[in-house]
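sharing a sequence plus its predicted fold:
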Amino acid sequence: MNEILGVEPGEVFSYETEKYRYMVSKQGYLLYDKPGFGWAEVMSIDRLTEIVNHPDRIIRKPRLTDGQIDLLKAAQKLIGARWMAKDLWQDRTYVYTEKPEKDGNTYNNKLGMVARLPDDSPLASLVSWDDPEPLNIEQTLRDAQ
């Protein structure tokens with residue numbers, strides 16, 4: 001099952017249309033975190049079929065290196081960075097104090113833009129123009145723990 005979904009056994013993930021957390025057990029069962037009860041096997045064939053047929057909707061926790069974690073923490077502390085996004089135009093990565101919005105082929109938030117990251121920054125790989133939202137730095141650090 002984990003090969004079909006593209007996740008590791010025991011890796012917790014969410015699904016874009018759901019509020020639950022999921023994981024594939026080492027035995028290959030799809031489990032969900034049932035509030036108040038702990039992990040339980042997904043028994044709904046419809047839910048199982050939906051997830052198997054749409055693995056692109058799986059939201060995985062970011063896997064950050066120690067260096068990326070240190071850089072994100074430094075950006076937060078030193079310049080107040082709270083968001084990070086990559087423009088389609090020139091493929092440049094920026095950090096922001098306020099959440100930017102897509103505007104054409106760039107992110108528009110000139111008042112909240114703090115810095116442009118170097119093209120070879122280890123953080124640049126964390127974001128893509130195709131991301132549905134800019135990266136929330138605080139949430140990303142929380143999820144990486």
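Received, thanks.

got the end-to-end distance for stretch 79-93?
End-to-end distance for stretch 79-93, by C-alpha to C-alpha, to the nearest Å: 15 Å.

give me the distance between it and the centre of its chain.
Stretch 79-93 has its C-alpha centroid displaced from the chain centroid by 15 Å (C-alpha atoms, centre = their mean, to the nearest Å).

again with stretch 33-49
Counting by C-alpha atoms, centre = their mean, stretch 33-49 comes out at 22 Å from the chain centroid.

please point out which parts of it sit buried.
Going by neighbour count (16 or more other C-beta atoms under 10 Å), the buried part of stretch 33-49 is Asp33, Val42, Arg47. (Each C-beta comes from the backbone N, C-alpha and C, glycine too.)

mean confidence score for that stretch?
Stretch 33-49 carries an average pLDDT of 85.

what does stretch 108-127 give?
Stretch 108-127 comes out at a mean pLDDT of 87.

just so I have it, where are all the helices in this structure?
Using DSSP state H, the helices found in the chain span residues 2-5, 45-53, 66-79, 137-144.

dump the ones you listed to a markdown table, plus distance to Leu88.
Below are the helices of the chain laid out as a markdown table (distance: least, C-beta to C-beta, whole Å):
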| stretch | distance to Leu88 |
| --- | --- |
| helix 2-5 | 28 |
| helix 45-53 | 29 |
| helix 66-79 | 22 |
| helix 137-144 | 21 |
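
now, among the buried residues of stretch 33-49, which is nearest to Leu141?
Checking the buried residues of stretch 33-49 against Leu141 by C-beta to C-beta gives Asp33 as the nearest, at 21.4 Å.

what about Arg116, distance to Ala85?
For Arg116, the distance to Ala85 (C-beta to C-beta, to the nearest Å) stands at 11 Å.

any common contacting residues for those two?
Common neighbours of Arg116 and Ala85, using C-beta atoms under 8 Å, 6 or more residues apart in numbering, are Thr93, Tyr94.
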